[in-house]
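Asks: predicted model follows, preceded by the sequence.
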Amino acid sequence: MEEHLASLRDILNHSPFNTEEELLTELRAIESSCSSTGTRIIIWNLRRTTAGNMEFDFTSDRYDIRIPSDVLESTTEPNQRTGRQDYSVPESQYSLRAYCSVLYMKPRMQINIRGQKVRTQLISKSLAHIAREIYKPFFVKQKIPITFGYNTKSKEHYGLMMYHKNRLIKAYDRVGCQLNFLRYQY
C-alpha cells in the first residue's frame, strides 16, 4: 500500500535484505514454523575483535550463540570480576540458549535458537530449601511474592534472580552478606 512504501524503503536500506522478495521470504519463514505468529531475530553486520574474531561465537555450539571468553572478559564490569582464576561465570552470562532458558519465571511461549527449541527452566522448581515470603514495599499497593532457595547446580553461582512481570531483569545479583563473603573469600 502507498502509506507503507516509506517504511519498506527504510527496511530495505537498513537491513541485510536488498529486495522486497527477500524480506517476504523471511516473513514466510515465521509463518511456516509451528504457529503463524512469532519474532525472528536476524543478526548481521557484526564487528570483529582486535584478534580478528567475530564478537559472537556461532561455531563452538551449532545450536547456540555465545559470547567468546575474550569479549566477555572485556565487557564484564570491574565489580563483577574477581581475582580468583578458577571462578566460573554463570552460563547465562555468555550463552543465549542458557539465558533464554531462565528468561521467564513461568515460561508461556516457545523459543527456538538456530532451529532448536530452548528447554526452559522453572527457577523456583530447581532450588533447594525453598522459602516463600510476601514483600510489601510502602510505595506500591500490591504485595510482591518472593521465593528464596539455594542453587543446587553450582555453589559458585548464587545471588538474587530478579523478575518483574514474569521477565528476568537481573541475574545472580549478590546482596548483603553475599557481597561480604565475596570480599573475604578472594
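Replies: Here it is on my side, so go on.
Asks: so what's Thr154 up against?
Replies: For the record, residue 154 is Ser, not Thr. Ser154 makes contacts with Ser88, Pro90, as judged by C-beta atoms under 8 Å, 6 or more residues apart in numbering. Placement of C-beta: from N, CA and C, glycine included.
Asks: likewise Tyr94?
Replies: Tyr94 makes contact with Arg66, Ile67, Ser69, Leu72, according to C-beta under 8 Å, 6+ apart.
Asks: next one: Thr39
Replies: For Thr39, the contacting residues are Ile30, by C-beta under 8 Å, 6+ apart.
Asks: what segments of this protein are helices?
Replies: Along the chain, counting by DSSP state H, helices occupy 5-13, 20-31, 69-75, 96-101, 177-185.
Asks: would you mind finding the most buried of these?
Replies: Highest mean neighbour count of those: helix 96-101, a mean of 19 (counted as mean count of other C-beta atoms under 10 Å).
Asks: end-to-end on stretch 116-123?
Replies: One end of stretch 116-123 sits 21 Å from the other (C-alpha to C-alpha, to the nearest Å).
Asks: shaky segments in this structure?
Replies: Applying pLDDT under 70 to the chain flags residues 32-36, 74-87, 155, 176-186.
Asks: quick revisit: dump the contacts of Tyr94 into JSON lines; add distance to Gly149 as well.
Replies: Formatted as JSON lines, the contacts of Tyr94 follow (distance: C-beta to C-beta, whole Å):
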{"residue": "Arg66", "distance to Gly149": "27"}
{"residue": "Ile67", "distance to Gly149": "28"}
{"residue": "Ser69", "distance to Gly149": "29"}
{"residue": "Leu72", "distance to Gly149": "27"}
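Asks: which of the residues you listed sits closest to Ser60?
Replies: Arg66 (6.2 Å; C-beta to C-beta).
Asks: can you map out the strands along the chain?
Replies: Using DSSP state E, the strands found in the chain span residues 112-113, 116-117, 127-135, 144-151, 160-164, 167-173.
Asks: would TSV of these with mean neighbour count be doable?
Replies: TSV is the format used below for the strands of the chain (neighbours: other C-beta atoms under 10 Å):
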stretch	mean neighbour count
strand 112-113	16
strand 116-117	12
strand 127-135	10
strand 144-151	13
strand 160-164	15
strand 167-173	14
